[in-house]
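Curious how this folds, go ahead:
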Amino acid sequence: MAYADFVTAMMSLFIVLWLMNSSKPVKEAVAGYFKDPAGTTKLTGGNGKGPGQSAGEGPGDSLTVSKDNMSKLKENLQSAIHQINDFNKLGSQIEMTVTSEGLRIELLESAQSTFFDSGSPELSASGKEALIALAKELGGVPNKISIEGHTDSRPLARHGGEYGNWELSVDRANSARRLMQESGLRADQVTQVRGYADQHLRKPDAPEDPSNRRISILVQYVSKDTARSPTQEPAKEPGKGASK
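Numbering: from 1, shown residues only. Predicted coordinates for the structure are as follows:
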């Protein structure tokens, strides 16, 4: 046997012995390298979760979500939504659409079911459950997220006219952000919180239709380069009366 072959065989033996006694995170990291040496997919160790998530919180963590595989994230999120207690009642009110900007997730209110208390930024039990399920999945992907609040055209004037649909749409979007960051989204993941009042109606021909009242979550596309070296950006939290 040539000396070089002997050294190579001994090195391989020592590597195998080292791996046999290594922790699970180390084994997963080594396996991840051989599956993807260039690092073009998101590498996760330990339980495979992003920051703020625990073991077993869904498959969204393994994706670097680009235009090529955004539909896969959509499937994962739809599976998670199917697990919520009120899915039979709320399933038709959660719509997901792959757009030119990314994956748009909309929580639409109806005459029978709402995600917020009437005229309030306080989330209902159904709204909390849906947003928590989404946050657990989305916290495992590197993509940045925008959250939007929308109202219908029914006038809302409280506190002497100082609190209307503009303020309500911003506050609802911010309530959604707060809960999602408590439930799985990373601190740097939300880049925008916006309120549009009734300026972007889903049904312009029916401006008071309940489905115009909604929360929109936009999962923005990310390039593979960005996924390898994500830029840290602080989340923006607007005050009342912010431009929407």
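
Quick check: residue 126 touching residue 91?
No. Using C-beta atoms under 8 Å, residue 126 is not in contact with residue 91, being 11.3 Å away. In this view, the C-beta of every residue, glycine as well, is placed from N, C-alpha and C.

Which one of these two is surrounded by more residues?
The residue with more neighbours, out of residue 126 and residue 91 and counting by other C-beta atoms under 10 Å, is residue 126; that gives 19 against 14.

Just the pLDDT for the residue nearest to the spatial centre of the chain.
Against the mean C-alpha coordinate of the chain, by C-alpha atoms, centre = their mean, the closest residue is residue 138 at 3.0 Å. pLDDT recorded at residue 138 is 94.

Quick check: buried residues in stretch 152-169?
By 16 or more other C-beta atoms under 10 Å, the buried positions in stretch 152-169 come out as 152, 153, 156, 165, 166, 167, 168, 169.

Show me which of those residues has the smallest pLDDT value.
Ranking the buried residues of stretch 152-169 by pLDDT, residue 156 lands last with 87.

Correct me if wrong, but residue 85 is in a strand.
No. Judged by DSSP: H, G, I helix; E, B strand; the rest coil, residue 85 forms no part of a strand; its state is coil.

how close does it sit to residue 94?
Remark: distance between residue 85 and residue 94 (C-beta to C-beta, to the nearest Å) = 14 Å.

on that earlier part again, correct me, but the residue nearest to the centre of the chain touches residue 219?
Yes. Contact criterion C-beta under 8 Å: residue 138 and residue 219 qualify, at 6.5 Å.

and for the two, which residues touch both?
residue 145 (C-beta atoms under 8 Å, 6 or more residues apart in numbering).

where along the chain do the helices fall?
Ranges of helices in the chain, per DSSP state H, are 3-20, 24-35, 70-81, 87-90, 125-138, 165-182, 224-228.

For the fourth one, C-alpha coordinates in CSV please.
Included here for helix 87-90 are C-alpha records, laid out as CSV according to Å, rounded to 0.1, in the frame of the first residue of the first chain:
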residue,chain,number,x,y,z
PHE,A,87,-59.9,25.6,10.2
ASN,A,88,-63.3,24.4,9.0
LYS,A,89,-64.6,27.9,9.9
LEU,A,90,-61.6,30.0,8.9
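
Go through the buried residues of stretch 152-169 and name the one nearest residue 119.
Minimum distance to residue 119 across these is 6.0 Å, recorded for residue 156 (C-beta to C-beta).

what's near enough to touch the closest one?
With contact set as C-beta under 8 Å, 6+ apart, residue 156 has these partners: 119, 163, 164, 165, 168.

Let me have those in JSON lines, extended by distance to residue 181.
Output for the contacts of residue 156, formatted as JSON lines (distance: C-beta to C-beta, whole Å):
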{"residue": "119", "distance to residue 181": "24"}
{"residue": "163", "distance to residue 181": "24"}
{"residue": "164", "distance to residue 181": "26"}
{"residue": "165", "distance to residue 181": "25"}
{"residue": "168", "distance to residue 181": "21"}
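
Residue 13: which of the residues you listed is nearest?
residue 168 (66.9 Å).

doesn't residue 151 make contact with that closest one?
Yes. Because the distance of 5.8 Å satisfies C-beta under 8 Å, residue 168 is recorded as touching residue 151.

what residues are shared contacts of those two?
With C-beta under 8 Å, 6+ apart, residue 168 and residue 151 have common neighbours residue 197.

Compare neighbour counts for residue 85 and residue 94 and give me the winner.
Neighbour count, other C-beta under 10 Å: between residue 85 and residue 94, residue 94 has more, with 19 against 10.
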